[in-house]
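In: dropping the sequence and predicted coords here.
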Amino acid sequence: MRNLVMALMTLTLLAAVPVQAADSSFAVVTQHGVSNGAQYAMFLPAVWNGRLIVYAHGFIDPAAPIALPDVAPADVAPWVVQLRETLLSQGYAVAYSSYAQNGWAVQDGAARTHELRDLFIQSFGPPTQVYVMGRSLGALITVDLAENFPSAYQGALSLCGPLGGGRTETDYIGNVRVLFDDYYPGVIPGDVLHVPDMEYSASSPIVKAIVAAILANPQRAVALAAVDQVKVPYTTPSQLLLSIVRAIGYNIRGTNDLLARSGGQSPFGNLGLSYTRLGVPDPFLNAGVGRFAAQAGGIAYLNSYYQTRGSLAIPLLTLHTTMDPDVPFFHEAAYAKIVAAARTSRWLAQQSVQRYGHCNVTPAEVAFTLSQLVNWAENGVKPMTGDVTVGLAAALPDSTASYATTTAASESAFDEAILSAAAGVPLP
């Protein structure tokens, strides 16, 4: 009866209200609001299974306007909408927040995501179960919440997150930048810690300069990618170029934001680090690469926001693409060690998909993975750990068969421009 009444009320409202970007085909009630400086949206399906999914979005350019993840950024928002609609069609309620901040917003993102549960209860009553899910930086927020507020959630799903911790991720980005500056000196103004304001789009001068430098001397890009401390993922020249350009983009767009949060003290340092290939130090690289000292304030900041501890008390399932250029797959092994040291491995299952791309999984695949988490949390059936590429193809033949088409259609203009620039360029 309650659902019927809400359905009638919603249909009446929809007749008078213009359709907006965040409107849903499967939600019988949609509620938007603002809390603590953040926008939020909550969606209730017509036939609710009693479960609430709170979703944490990933890194947003600090210069971008605050917006809900179903609106921006333009290359990810359609994926979020499709995931939301898939979950709603399966009977889940869904809630998410814009956060009140962009950039490395782990602290604020965790607080704004965590409050969604109470906001939902105030509007719709208590759900029977609550699950937290996040993508990219939002996956780190997800684990933050799972480790610190286990009583609030029945389980957590991490999608391609920097689970080895914030410093492990910033070390990767920082090392790609200092190695690029060594192999291609003078191309990017400043250095890894001193980044002048620059536009970072496919048509911007700095991106064009980086792409031109790599295409003029791809041998150096291959050498950079082979350094053990980065192991930049690629199998084609286009992927090599895109992986380097995307990593540098995080340095250019995110460094000043992170320094502002840490009191101007950098968490990145490579003093005493010996760069190696296949475990063998490279004397020429080590003699010439720029050296920078990490500072206590920066390290302390990323320890707080956030160094994972592995202190799990609820099921945590992770899903990660094996050739992720933004959040390298090695984060999964790093987190497994952290969890093992905390002696909570019984609460962790980690799955991978053999693909190139940052979190390049379909919404249908995420929904299927979520169903495994729910079955684990509610029925005690722990999912398998390891490569699930074949399993997903068998379970979702339509989704996986259309993977290539879906991927091409969802690529941002930025990625398309970078990939097209390297078309036809052979590896040395």
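Out: Everything's here; your move. Numbering: from 1, shown residues only.

In: which residues of the stretch 51-200 of the chain fall in strands?
Out: Using DSSP state E, counting those that start in this stretch, the strands of the stretch 51-200 of the chain run over residues 51-56, 93-99, 129-135, 155-159.

In: got these as TSV, with mean pLDDT columns?
Out: What follows is the strands of the stretch 51-200 of the chain, written out as TSV (pLDDT from 0 to 100):
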stretch	mean pLDDT
strand 51-56	98
strand 93-99	98
strand 129-135	98
strand 155-159	98
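
In: dump those to JSON lines, plus distance to residue 168 and mean neighbour count.
Out: Bear in mind the C-beta positions are built from the backbone N, C-alpha and C, glycine included. Output for the strands of the stretch 51-200 of the chain, formatted as JSON lines (distance: least, Cβ to Cβ, whole Å; neighbours: other Cβ atoms under 10 Å):
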{"stretch": "strand 51-56", "distance to residue 168": "19", "mean neighbour count": "27"}
{"stretch": "strand 93-99", "distance to residue 168": "22", "mean neighbour count": "27"}
{"stretch": "strand 129-135", "distance to residue 168": "17", "mean neighbour count": "25"}
{"stretch": "strand 155-159", "distance to residue 168": "15", "mean neighbour count": "27"}
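
In: between those strands, which gets nearest to residue 286?
Out: Smallest distance to residue 286 across the strands of the stretch 51-200 of the chain (Cβ to Cβ): 34.7 Å, for strand 155-159.

In: in its sheet, what does that closest one sit against?
Out: Its sheet considered, strand 155-159 pairs with strand 129-135 (parallel), strand 316-323 (parallel) by DSSP bridges.

In: got any ranges where the stretch 301-428 of the chain has weak pLDDT?
Out: Confidence mapping of the stretch 301-428 of the chain against pLDDT under 70 gives the ranges 400-413, 423-425, 427-428.

In: just the strands from it, written as ranges.
Out: All strands of the stretch 301-428 of the chain, identified by DSSP E, counting those that start in this stretch, fall at 316-323, 348-356, 386-387.

In: adding distance to residue 303 as columns, could you present the strands paired with strand 155-159 in CSV?
Out: Below are the strands paired with strand 155-159 laid out as CSV (distance: least, Cβ to Cβ, whole Å):
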stretch, distance to residue 303
strand 129-135, 20
strand 316-323, 20
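
In: if we can go back for a sec, which of the strands of the stretch 301-428 of the chain sits closest to residue 71?
Out: Closest approach to residue 71 among those is made by strand 316-323 (24.3 Å; Cβ to Cβ).

In: how far off centre is that closest one?
Out: Distance of strand 316-323 from the chain centroid (Cα atoms, centre = their mean, to the nearest Å) equals 11 Å.

In: with residue 216 as the reference, measure out to the residue nearest to residue 416 when sequence neighbours are not counted.
Out: Using Cβ to Cβ, 6 or more residues apart in numbering and skipping the chain neighbours, the partner closest in space to residue 416 is residue 202 (7.9 Å). The gap separating residue 202 from residue 216 is 18 Å, by Cβ to Cβ, to the nearest Å.

In: middle-most residue in this structure, spatially?
Out: Among the residues of the chain, the one closest to the centroid is residue 136, at 1.0 Å (Cα atoms, centre = their mean).

In: next, the contact list for it, please.
Out: Under the criterion of Cβ atoms under 8 Å, 6 or more residues apart in numbering, the neighbours of residue 136 are 57, 58, 59, 159, 160, 161, 162, 326, 327, 358, 359.

In: distance to residue 116 added to the residues you listed, as TSV?
Out: Below are the contacts of residue 136 laid out as TSV (distance: Cβ to Cβ, whole Å):
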residue	distance to residue 116
57	12
58	16
59	19
159	17
160	21
161	18
162	22
326	25
327	23
358	24
359	21
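
In: show the buried residues in the residues you listed.
Out: Burial by neighbour count, judged by 16 or more other Cβ atoms under 10 Å, picks out 57, 58, 59, 159, 160, 161, 162, 326, 327, 358, 359 from the contacts of residue 136.

In: which single one of the residues you listed is nearest to residue 72?
Out: Distances from residue 72 to those, taken by Cβ to Cβ, are shortest for residue 57, at 9.5 Å.

In: got the phi and psi for the closest one?
Out: Main-chain dihedrals, residue 57, degrees, to the nearest 10: phi -80, psi 170.

In: what do you get for residue 207?
Out: phi -70, psi -40.

In: next up, the contacts around it.
Out: Contacts for residue 207 (Cβ under 8 Å, 6+ apart) come out as 200, 201, 245, 249, 418.

In: make CSV out of these and add distance to residue 82 and neighbour count.
Out: Listed next are these as CSV, based on distance: Cβ to Cβ, whole Å; neighbours: other Cβ atoms under 10 Å:
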residue, distance to residue 82, neighbour count
200, 26, 18
201, 25, 14
245, 26, 24
249, 25, 20
418, 24, 25
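
In: can I get those in TSV with distance to residue 331?
Out: Below are these laid out as TSV (distance: Cβ to Cβ, whole Å):
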residue	distance to residue 331
200	23
201	27
245	20
249	18
418	23
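
In: the helices in the stretch 151-300 of the chain, which residues?
Out: 166-183, 205-216, 218-225, 237-261, 283-288, 296-304 (DSSP state H, counting those that start in this stretch).

In: my read: residue 340 touches residue 333, true?
Out: No - counting by Cβ atoms under 8 Å, residue 333 is not a contact partner of residue 340; they are 10.6 Å apart.

In: overlap in contacts, the two.
Out: Common neighbours of residue 340 and residue 333 (Cβ under 8 Å, 6+ apart) do not exist.

In: about what we covered before: please name whichever of the strands of the stretch 51-200 of the chain is nearest to residue 27.
Out: strand 93-99 (8.1 Å).

In: walk me through which strands the closest one pairs with, and which way each runs.
Out: Using DSSP bridges, the strands paired with strand 93-99 are strand 38-45 (antiparallel), strand 51-56 (parallel).

In: tell me how far the shortest one lies from the chain's centre.
Out: Pointing back at strand 51-56 there. The answer for strand 51-56 is 16 Å, by Cα atoms, centre = their mean.

In: for the first one, same thing?
Out: Centre-to-centre, strand 38-45 and its host chain are 20 Å apart (Cα atoms, centre = their mean).

In: identify whichever of the strands paired with strand 155-159 lies nearest to residue 43.
Out: Closest among the strands paired with strand 155-159, using Cβ to Cβ: strand 129-135, at 14.0 Å.

In: sweet, I'm off.
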